[in-house]
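Peer 1: Next input, structure requested:
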Amino acid sequence: MLKLENPRQRLIAMAILAVVMLILPFVLTGSFESGKSWIRTIDFALLYIMLALGLNIVVGYAGLLDLGYIAFYAVGAYLYAILNSPHLAAVLPAWLIYPSFPVMILLAGLVAGLFGVLLGSPTLKLRGDYLAIVTLGFGEIIRIFMNNLDRPINITNGPQGINNIKSIHVGPYDFGRPIEFLGLTFEKVHLYYYLILAFCLLIIFVSMRLQNSRIGRAWVAIREDEIAANAMGINTRNIKLLAFAMGASFGGVSGALFASFQGFVSPESFVLMESIMVLCMVVLGGMGHIPGVILGAIIVSITPEILRDVINPLQQAIVGRRVVDPENLRMLIFGLAMIVIMLLRPEGLWPSQRRKAEFHEKDEEAKA
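Peer 2: Numbers count the residues shown, from 1 in each chain. Prediction:
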C-alpha cells in the first residue's frame, strides 16, 4: 500500500479525498442512470464501515471472536424504530416519543453498549471457539426475540417489522425530503450520505484515539497474552467489558441511522449472515488496522453489488440466456475470492506492520 511519510503529502492526500467524498453523490447522479441507487449503496457501505470498526475493537484489538455482533445493530435499529414511529405512540409516555436526533443517537449508543456488557459479562472466561458459539447464540436470541415480541404485547410487530419510521430532523430540516441549498437540490440519499459520512468520520477518529491510548494498548496486550497482561496489572475483566461495550455502542449508533434511513426494520435485516459479512470485512481488510478495516468494508459491501449488475449481461453475452441466478452466482464468486485471498494473504489486504510481521515470522527465520 502507498505510504505517505511526508506530512505535506498526507495533507494534500486528505484534501483530495475530502473533495472527492463531498462531490461523489453528484458525480454518481450525473454519470449514471442508476445514480441514486449507487449513492444508496455507498450509504450502506458507510454504515458497514461503522459496524466493521466497532467489531474491530472486539476482534482486532481485544482478540475476542464475536459472531453475534449484528445483534447490537438490531438493538439500535429497533430502539430508533419504536421511539420514532406510531407503532407504540399510544402507550409510551409523551416525553419518550420522537426524541431529538442527538438524544436518540446517544440513547441508541448507550442501550447497545449496555447489551454489550450483558453479552460480555458471562463470557469473560471464554476464548476461541467457545466464545464464538456463545456470541453466535446471543445474536440469534436477539433476532428471535425481535421476531416473536408481537405477543402477548405487540412490541416489535414480529416478522412484519415496523414501518412509518420518522426520518431524522436537524433543526428545521427534514432529511426525508429534498432540501434546496446554494442552488442545489439534496435528495434523501444525498442528505443521509453526508450525515452517515460525518458519523463515520467521528467513529474513525474515536477508533484512532482508542488505538493509541492506554486502553487500546491494554486490549492488544490481552489479545497477545491474557495471562501476561493480568500479571502486569491490567484489569482484564473491566478491559474486556469495555471492549464489548464500546464496539456495541458503534453498532447501536449505526443501527439507529439505518432505521431512520430505511424507514422500516424487520428481523430479516439482522440474520447471522450479516454478522459473518461484518467479520469478513475485518479479517479481509486486516484485523486491528483501521485503514485496512475500512478497505475491507468497502470491498465486501460494494463488490457484490457490482457483480449483481455484471452477472446478467455477462450470461446473456456468453450463453444467450440466464443460466444461474445472479444472487447465487455473485455469492459463489465472492466466496471463492475470499478463499483465495485468505490462502494467499492471510494477514489481510492492508494489515498493520505488526500483524504482517507475525504472519511472516517463519519466512523471515527461514531466510536468515
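Peer 1: for this structure, what are the low-confidence residue spans?
Peer 2: For the chain, applying pLDDT under 70 flags the ranges 1-6, 30-35, 360-368.
Peer 1: how about 80 then?
Peer 2: The chain contains residues with pLDDT under 80 at 1-10, 29-35, 181-184, 304-316, 321-331, 333-334, 353-368.
Peer 1: mind listing the helices in it by residue range?
Peer 2: With helices called from DSSP state H, the chain shows them at 7-31, 35-55, 70-83, 101-120, 128-148, 188-211, 214-224, 226-231, 236-262, 272-285, 290-318, 326-344, 353-359, 361-367.
Peer 1: And those: which comes nearest Arg177?
Peer 2: Nearest of the helices of the chain to Arg177, taken as C-beta to C-beta: helix 188-211 at 7.2 Å. In short, each C-beta sits where N, CA and C put it, glycine included.
Peer 1: coming back round to it: could the helices of the chain go into CSV alongside distance to Arg177 and mean neighbour count?
Peer 2: Below are the helices of the chain laid out as CSV (distance: least, C-beta to C-beta, whole Å; neighbours: other C-beta atoms under 10 Å):
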stretch, distance to Arg177, mean neighbour count
helix 7-31, 16, 12
helix 35-55, 15, 23
helix 70-83, 19, 28
helix 101-120, 15, 20
helix 128-148, 29, 17
helix 188-211, 7, 18
helix 214-224, 41, 18
helix 226-231, 52, 14
helix 236-262, 13, 25
helix 272-285, 29, 21
helix 290-318, 26, 18
helix 326-344, 33, 13
helix 353-359, 46, 13
helix 361-367, 56, 9
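Peer 1: can you list the ones you listed in TSV and add distance to Gln160?
Peer 2: Shown next, in TSV, are the helices of the chain (distance: least, C-beta to C-beta, whole Å):
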stretch	distance to Gln160
helix 7-31	32
helix 35-55	22
helix 70-83	12
helix 101-120	22
helix 128-148	10
helix 188-211	24
helix 214-224	40
helix 226-231	44
helix 236-262	15
helix 272-285	19
helix 290-318	27
helix 326-344	23
helix 353-359	44
helix 361-367	53
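Peer 1: residues in contact with Leu64?
Peer 2: Each residue near Leu64 by C-beta atoms under 8 Å, 6 or more residues apart in numbering is listed here: Val58, Thr123, Arg127, Leu131, Lys240, Ala243, Phe244.
Peer 1: picking that back up, please name whichever of the helices of the chain is nearest to Pro93.
Peer 2: Nearest to Pro93, of all the helices of the chain, is helix 70-83, at 10.7 Å by C-beta to C-beta.
Peer 1: Determine the angle, from 0 to 180 degrees, between the closest one and helix 35-55.
Peer 2: Between helix 70-83 and helix 35-55, the angle comes out at 120 degrees (axes from the mean of the first three to the mean of the last three C-alpha atoms, to 10 degrees).
Peer 1: which secondary structure elements does helix 70-83 contact?
Peer 2: Judged by 3 or more C-beta pairs under 8 Å, 6 or more residues apart in numbering; DSSP states H and E, helix 70-83 is in contact with helix 35-55, helix 101-120, helix 128-148, helix 236-262, helix 272-285.
Peer 1: Verify the contact between Val111 and Ala74 for me.
Peer 2: No - under the criterion of C-beta atoms under 8 Å, Val111 makes no contact with Ala74, lying 11.4 Å away.
Peer 1: Kindly present the contacts of Leu64 as CSV, with separate columns for distance to Ala90.
Peer 2: Shown next, in CSV, are the contacts of Leu64 (distance: C-beta to C-beta, whole Å):
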residue, distance to Ala90
Val58, 38
Thr123, 38
Arg127, 47
Leu131, 42
Lys240, 41
Ala243, 39
Phe244, 35
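Peer 1: and which of those residues is nearest to Ile298?
Peer 2: The nearest member of those to Ile298, counting by C-beta to C-beta, is Val58 at 20.4 Å.
Peer 1: Show the contacting residues for the closest residue to that closest one other than its chain neighbours.
Peer 2: Leaving aside its chain neighbours, Val58 sits nearest to Gly247 (4.3 Å; criterion: C-beta to C-beta, 6 or more residues apart in numbering). The contact partners of Gly247, taken as C-beta under 8 Å, 6+ apart, are Gly54, Leu55, Asn56, Ile57, Val58, Asp66, Tyr69, Phe72, Gly116.
Peer 1: again, only this time at 7 Å
Peer 2: Contacts for Gly247 were tallied using C-beta atoms under 7 Å, 6 or more residues apart in numbering; they are Gly54, Leu55, Ile57, Val58, Gly116.
Peer 1: Would you agree the last one is in contact with Ala245?
Peer 2: Yes - between Gly116 and Ala245 there is a contact under C-beta atoms under 7 Å: 4.4 Å.
Peer 1: hang on, the earlier thing: of all the helices and strands packed on helix 70-83, which one comes closest to Ala62?
Peer 2: Closest among the helices and strands packed on helix 70-83, using C-beta to C-beta: helix 236-262, at 4.0 Å.
Peer 1: Go ahead and measure how far that closest one is from the middle of the chain.
Peer 2: Distance of helix 236-262 from the chain centroid (C-alpha atoms, centre = their mean, to the nearest Å) equals 10 Å.
Peer 1: any idea how far Ala77 is from Met104?
Peer 2: 12 Å (C-beta to C-beta, to the nearest Å).
Peer 1: between the two, what contacts are shared?
Peer 2: Contact criterion C-beta under 7 Å, 6+ apart; residues shared by Met104 and Ala77: Ala256.
Peer 1: And the contacts of stretch 325-334?
Peer 2: Against stretch 325-334 from outside (C-beta under 7 Å, 6+ apart): Thr303, Pro304, Leu307, Arg308, Ile311, Asn312.
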